[in-house]
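Provided below are the primary sequence and the corresponding predicted coordinates.
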Amino acid sequence: MTGLTHFDAEGQAHMVDVSDKAVTDRIAVAEAHIVMADATLALITQGRAKKGDVLGIARIAGIMAAKKTADLIPLCHPLPITKVSIDLTPDATLPGIRISATVKTSGQTGVEMEALTAAGTAALTVYDMVKAVQKDMVIGGLRVTLKDGGKSGRFENP
């Protein structure tokens, strides 16, 4: 299992020791999308969803999720997150919502998992908010598009 940092020499899962790593500014951006019917998208963009402001609530859910990532993903380190922003953009060409989550910290390990968790949770929240009118929505495209900081440097996935 060479190169897999979450496994020891015997192949057992463990939490990576980051105590000797330098504290650096780190950022990660992740994206996802949720595809839905035109009518469902109109319900969201026109503010007619019975549960309330779909995009506003999904934004808050994504922020909360980023802060709770270490509680959800077993081998993630709890991090002092310094910024979380969630952009939810209606896109008639999907049709649906495009989601981008940006997470920043100054720490000894990156925030890719926090960004992924934020984007995924925002998408799940959109689904939850309008599932009463459409149950066959599809969540997809969850991926890291940018990671910067730390020893491994910059990664971009356009």
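Done, it's in.

what segments of this structure are strands?
Assigned strands in the chain, in chain order: 24-35, 81-91, 96-107, 138-148, 155-156 (criterion: DSSP state E).

relative to residue 83, how far out is the closest residue to residue 87 other than its chain neighbours?
Nearest residue to residue 87, sequence neighbours excluded (Cβ to Cβ, 6 or more residues apart in numbering): residue 100, at 4.5 Å. C-beta here means a position set from N, CA and C on the backbone, and glycine is covered the same way. Residue 100 sits 13 Å away from residue 83, taking Cβ to Cβ, to the nearest Å as the criterion.

compare those two (neighbour count), which wins?
Here residue 100 and residue 83 are set side by side on neighbour count (other Cβ atoms under 10 Å), and the busier one is residue 100, at 21 against 12.

the more buried one reaches residue 86, doesn't it?
Yes - under the criterion of Cβ atoms under 8 Å, residue 100 lies in contact with residue 86, with a separation of 7.3 Å.

now do the shared contacts for those two.
Each of residue 119 lies in contact with both residue 100 and residue 86 under the rule Cβ atoms under 8 Å, 6 or more residues apart in numbering.

tell me who's in contact with residue 125.
For residue 125, counting by Cβ under 8 Å, 6+ apart, the contacting residues are 54, 57, 58, 61, 62.

what's around the last one, how many residues?
The burial count assigned to residue 62 is 32, neighbours taken as other Cβ under 10 Å.

which one is residue 24 nearest to, not counting chain neighbours?
Nearest-residue entry for residue 24: residue 149, 4.9 Å, with adjacent residues in sequence omitted and distances by Cβ to Cβ, 6+ apart.

any idea how far the one you found is from residue 70?
Residue 149 sits 18 Å away from residue 70, going by Cβ to Cβ.

for the two, indicate the residue with more neighbours.
Neighbours per residue (other Cβ under 10 Å) separate residue 149 from residue 70, with residue 149 holding more: 21 against 15.

is it correct that that one is in contact with residue 23?
No - under the criterion of Cβ under 8 Å, residue 149 lies out of contact with residue 23, with a separation of 10.0 Å.

show me the contacts for the closest residue to residue 134 other than its chain neighbours.
Ranked by Cβ to Cβ, 6+ apart and with sequence neighbours excluded, the top spatial neighbour of residue 134 is residue 40, at 4.5 Å. Each residue near residue 40 by Cβ under 8 Å, 6+ apart is listed here: 130, 133, 134, 137.
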